[in-house]
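> Pasted the sequence and its predicted model underneath.
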Amino acid sequence: GAVVSQHPSWVICKSGTSVKIECRSLDFQATTMFWYRQFPKQSLMLMATSNEGSKATYEQGVEKDKFLINHASLTLSTLTVTSAHPEDSSFYICSAPPLQSNTGELFFGEGSRLTVL
Amino acid sequence: EDKVVQSPLSLVVHEGDTVTLNCSYEVTNFRSLLWYKQEKKAPTFLFMLTSSGIEKKSGRLSSILDKKELFSILNITATQTGDSAVYLCAVERGSTLGRLYFGRGTQLTVWP
């Protein structure tokens, strides 16, 4: 079945540094990918829609200069958390709908847990 | 403001019990409602519902949508310990396929 891979699974960084998280669709192409964050015991919150070849669309309240999204190809989207602070510590997860899907099924990556010290 | 509300937030049952999980929503430009199971990391897809009154079934799980009353239920019969997980309800809005808004989830614990 379709697989979405995220890397890294875990990352610990110092406050003020930037962290890049990759989301790859391994056996299908995706013109759009979605980035979510999830705090402990909370739900997934949609951050932005990553669009291949164009600018990402951010949800209300999400800082686009803080969370840089790049979708350079039909199989790769990256999320860069710039100048990370402890409050950015969270579980970040991406999803991708296959270009040709008639079931509505979306595929999620395994997530990336970011801890900012 | 768009809302997706799940209840109960947590539920503890014994193996063999039947459970009903609820999801109500208030969103603009509704497209579909989806159920996911999240055990450790990535949510796994269960159902997508777009039409009222049509039950979707997969083994011991079933789900139905009521677009008039704006809610959906997820039923699990003869629960097993492996059903222990967080069950997430999400609503897809607008024209962008895959853009989901999630509820907080129901934490289901099944004891042997």
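Perfect, I can see it now. It should be emphasised that the depicted structure is a prediction, and the values quoted were computed from it without experimental measurement.

> Whether the least confident helix or strand in chain A by mean pLDDT contacts chain B - can you check?
Of all the helices and strands that make up chain A, strand A:107-108 has the lowest average by mean pLDDT, DSSP states H and E, namely a mean of 88. Yes: applying CB under 8 Å from any CB of the partner chain, one finds that strand A:107-108 is in contact with chain B at A:107-108. Using the backbone N, CA and C atoms, a C-beta is placed for each residue, glycine as well.

> Tell me the helix or strand right after that strand.
Beyond strand A:107-108 in the direction of the C-terminus, DSSP states H and E gives the next helix or strand as strand A:112-116.

> other SSEs contacting that following strand?
Taking 3 or more CB pairs under 8 Å, 6 or more residues apart in numbering or on different chains; DSSP states H and E as contact, the helices and strands that strand A:112-116 lies on are strand A:10-13, strand A:19-25, strand A:90-96.

> 6 Å instead, please
Judged by 3 or more CB pairs under 6 Å, 6 or more residues apart in numbering or on different chains; DSSP states H and E, strand A:112-116 is in contact with strand A:10-13.

> Okay, buried residues for the strand it packs on please.
Applying a neighbour-count criterion of 16 or more other CB atoms under 10 Å in any protein chain shown, one finds A:11, A:13 buried in strand A:10-13.

> Let's test this: mean pLDDT of that strand, rounded?
Averaged across strand A:10-13, pLDDT comes to 95.

> Likewise for stretch B:21-40?
Mean pLDDT, taken over the full extent of stretch B:21-40, equals 93.

> got any ranges where the chain has weak pLDDT?
Chain wasn't specified; assuming chain A. Residues of chain A meeting the criterion pLDDT under 70: A:1-2, A:99-104.

> that answer is for a different chain, and I need it for chain B
With pLDDT under 70 as the threshold, chain B has low-confidence stretches at B:1.

> repeat that with 80
For chain B, applying pLDDT under 80 flags the ranges B:1-2, B:40-41, B:95-97.

> any chance you could map the helices in it?
For chain B, no helices turn up when DSSP state H is the criterion.

> which parts of it sit against chain A?
B:41-43, B:45, B:48, B:97-99, B:102-105 (CB under 6 Å from any CB of the partner chain).
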